[in-house]
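In: heads up, no residue letters with this:
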């Protein structure tokens, strides 16, 4: 239903012409549906205001009672059941109002399909106001006998050409809608069962075609203005319907504006309610946390008291031990003086032994130095002897080489002598041969 109400709000019809038919389709449907929404919004808003006032009172400064979790869950379940019951009642009321609106829609659809009009014309607002003044209860109604006389003989011909489906809607109506102050503006206004299939432009064009053909409504009792069906002409009916339509459009605009306002307020209140619920839950959690922390700190304080008692006992025992240590210290001080005397004597003896030890070390150093010097002298002498030995060996080797050279020279001399002797003999032999 909410989806069907959003788009028709944008359409505003200005008259009973074929161009304004889509706007009339939406405004006639919204006239009753907005009132249904207003009634449900008011009931929901009053309940939400009461619950929100209680919760904001708790959230603004008053301390939340530390209630256990089980009663709060029971209360929430009870509230949920109550809300479900109220929702069911509202849905039942809404269904009943929708059913009544559908009945009125069917009635008015029949009325719109059977007007005795010659031609649809648009009039100014001044003419509409004059017509409303003319049709008010203070002014006597008009008696147009010529319209009555013309309308009676045409009913037979229109009844022949009228389709049989036009009379079916009367059997569907269960009961008429109660006339209250809230529904006066929506009286005699037809809202079709299916808004998507209904087209007021088609209905108006059909009426114009019937009027051009000279066909009039079948039943004179189904006129647009009850009680004045035979006394008012077609133009007066058009003006009356146009004025009534404009009044209904204004009422629809105001009601839709109020409904939008209420929806915004409802959304704001629901958001505030959610915030308050979150704050309450947060405060409840913080209170529970603080309670647990308080219990924890209480347990810690008890443990601290126990620890302080044990530490007090330990302190008394330590004081006793300290007195014992002081007594022992005095005894040790007296014994320490005797040991110091002995220590001084031992130190003097140690000094004597140290001096003697130093003397022995010095004498050992001197002897060691003398021995080192002797060893160095012996090493030097040994080196000299080694050098002399090496020189002798080198001279001996040179002499051996010299002996070898001399031997070779001797051999060479002997061989030279031998060669010279052979040469002479060879020469002599040559000479003898010649």
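Out: Good, I have the coordinates. Quick caveat, the model's predicted, so the values are computed rather than measured.
In: mind checking how far residue 345 is from residue 339?
Out: 11 Å (CB to CB, to the nearest Å). For the C-beta atoms, the positions are set from N, CA and C on the backbone; glycine is no exception.
In: Residue 90 now?
Out: Counting by CB to CB - residue 90 and residue 339 are separated by 107 Å.
In: cool, and residue 295?
Out: 62 Å.
In: Then residue 265?
Out: Residue 265 is 101 Å from residue 339, by CB to CB.
In: Please say which of those two ends up with more neighbours.
Out: Neighbours of residue 265 and residue 339, each counted by other CB atoms under 10 Å, are more numerous for residue 265; the result is 14 against 11.
In: secondary structure class for the more buried one?
Out: Following DSSP: H, G, I helix; E, B strand; the rest coil, residue 265 is assigned to helix.
In: In terms of pLDDT, where does it sit?
Out: Listed pLDDT for residue 265 reads 88.
In: With residue 403 instead?
Out: pLDDT, read off for residue 403, is 93.
In: Tell me, how many residues neighbour it?
Out: Residue 403, neighbours per other CB under 10 Å, totals 10.
In: Quick check: which element contains it?
Out: helix 234-433 (DSSP states H and E).
In: which helices and strands sit right next to that helix?
Out: Helix 234-433 sits against helix 21-60, helix 125-134, with contacts defined as 3 or more CB pairs under 8 Å, 6 or more residues apart in numbering; DSSP states H and E.
In: ranking those helices by mean pLDDT, which is last?
Out: helix 125-134 (a mean of 48).
In: low-scoring stretches of the stretch 151-300 of the chain, by residue?
Out: For the stretch 151-300 of the chain, applying pLDDT under 70 flags the ranges 151-205, 207-208, 210-233.
In: Apply 80 and report the result again.
Out: Low-confidence segments of the stretch 151-300 of the chain (pLDDT under 80): 151-235, 237.
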